[in-house]
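Novice: for reference, the sequence and a predicted model appear below.
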Amino acid sequence: MIFQLKILGNNSAIPAHDRNQTSQLLQLDSRYVLIDCGEGTQIQLSNQNIRIGRIKTILISHLHGDHYFGLIGLISTMHLFHRKHKLTVFAPPELEKILKLQLEASDTTLCFQLEFVPLIHEEIKEIYKEEQFTIQAFPLEHGIKCYGFLIKENPKQWRINKENMPENIRIQEILTLKKGKDILNEDGSIKYALGKYTFPPRPPRSYAYCSDTRYNEQIIPFVQHVDLLYHEATFADEMEDRAALTHHSTATQAATIAKKAGVHKLLLGHYSTRYKDPTPLLDEARKIFEETYLTHEGETICLVE
């Protein structure tokens with residue numbers, strides 16, 4: 001399965017320094033999941049030649065404008081393009097009223113079904129499931145209700161060892177091996193041993209998105225051992241008091257979460273406008289967690305098997 005992340009926006013509060021407000025697109029094979037939708041997101045999607053009709057799921061972390069002010073514009077464009085299939089939006093419950101008011105004010109009746117699913121839980125919870133992956137939402141510590149998201153591949157099938165495969169094996173027997181089971185004779189003896197004819201499944205990949213949040217070690221169990229963690233890093237260490245006051249994190253705090261959670265890689269974003277060049281944030285984070293990287297708009301990050 002293709003598992004890759006496109007960075008559409010990585011600035012906080014307002015567009016600045018050629019950086020747009022927060023938005024990311026996660027591609028899982030043919031399924032596109034949009035995570036947050038700051039102002040200008042649909043322009044970024046167009047610049048990256050991403051067909052908005054392929055987006056079927058949108059996750060909105062919270063209702064500060066830099067994370068959702070682009071949503072009604074995107075929905076309106078989908079309507080103008082005569083979208084046919086359903087769009088599902090997961091967000092704090094107040095957003096449903098906002099969208100309805102915006103559509104009513106413009107006398108717009110959408111030509112497609114807009115399904116709204118409110119996020120109201122206080123613990124980690126599975127909110128979406130498909131055959132190949134699941135999405136969980138978990139609470140963050142911000143000034144208003146805010147959620148992080150964990151996207152995980154479902155456990156994979158065992159891989160067939162083609163070089164050892166007998167010529168007369170039946171399709172049904174191959175399917176049984178891929179499910180991790182030996183093939184048995186009628187008397188219960190082993191006909192084809194799983195260990196001889198297969199390789200173990202590849203580990204499922206995972207991505208965690210931690211939007212605006214104060215340093216909060218309670219999220220560590222939710223993001224533990226993920227392949228890729230995005231954690232906001234609005235401020236440098238010298239602004240730690242400001243970060244706490246505004247319910248945000250420093251780069252060092254983001255790196256500390258990554259280290260304590262044992263993640264493989266950390267992405268920083270949501271840079272304060274005061275940093276034209278966010279490299280100092282990277283330098284501070286790497287003192288704690290070496291596998292830290294800055295996000296750059298337009299880049300694609302692939303989670304390889």
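Specialist: Received it, and whenever you're ready, just let me know what you need.
Novice: which residues in the chain form helices?
Specialist: 41-47, 71-80, 94-105, 171-178, 194-197, 220-223, 240-245, 251-261, 279-286 (DSSP state H).
Novice: list the buried ones in the fifth one?
Specialist: Buried positions in helix 194-197, judged by neighbour count with 16 or more other Cβ atoms under 10 Å: 194, 197. For glycine as for every other residue, the C-beta is placed from the backbone atoms N, C-alpha and C.
Novice: how about the longest one?
Specialist: Applying a neighbour-count criterion of 16+ other Cβ under 10 Å, the buried positions in helix 94-105 are 95, 99, 103.
Novice: that one vs helix 71-80, what angle?
Specialist: Here the directions of helix 94-105 and helix 71-80 differ by 50 degrees (axes from the mean of the first three to the mean of the last three Cα atoms, to 10 degrees).
Novice: so what touches helix 94-105?
Specialist: With contacts defined as Cβ atoms under 8 Å, 6 or more residues apart in numbering, helix 94-105 is touched by 60, 63, 68, 71-72, 75, 89, 109-110, 114, 116, 118.
Novice: tell me what Thr250 is bridged to.
Specialist: Note on Thr250: beta-bridge partners by DSSP bridges are Phe235.
Novice: what is the burial count for it?
Specialist: 24 (other Cβ atoms under 10 Å).
Novice: and it, how close does it get to Met165?
Specialist: Per Cβ to Cβ, to the nearest Å, Thr250 is found 54 Å from Met165.
Novice: list the residues that contact His225.
Specialist: 206, 261-264.
Novice: of these, just the buried ones, PyMOL syntax please.
Specialist: Here is the PyMOL command that selects the buried residues among the contacts of His225 (16+ other Cβ under 10 Å):
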select buried, resi 206+261+263
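Novice: and the contacts of His225 as TSV, adding distance to Ile171 and pLDDT?
Specialist: As requested, these are exported to TSV (distance: Cβ to Cβ, whole Å; pLDDT from 0 to 100):
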residue	distance to Ile171	pLDDT
Ser206	32	98
Ala261	42	98
Gly262	40	98
Val263	40	98
His264	37	98
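Novice: now, the contacts of His225 that are in strands?
Specialist: Cross-referencing the contacts of His225 against strands under DSSP state E gives Ser206.
Novice: that older thread, ok, the buried residues of helix 94-105 vs Lys6, which is closest?
Specialist: Nearest to Lys6 among those: Leu95, at 22.9 Å, using Cβ to Cβ.
Novice: if I look at the closest one, how far off is His62?
Specialist: The spacing between Leu95 and His62, counted by Cβ to Cβ, is 9 Å.
Novice: what do those two both touch?
Specialist: Shared contacts of Leu95 and His62, defined by Cβ under 8 Å, 6+ apart, are found at Tyr68.
Novice: surely Cys111 and Arg83 touch.
Specialist: Yes - with contact defined as Cβ atoms under 8 Å, Cys111 counts as touching Arg83 (6.5 Å).
Novice: which residue of the two possesses the greater neighbour count?
Specialist: Neighbour comparison, Cys111 and Arg83: the larger count goes to Arg83, with 19 against 12 (by other Cβ under 10 Å).
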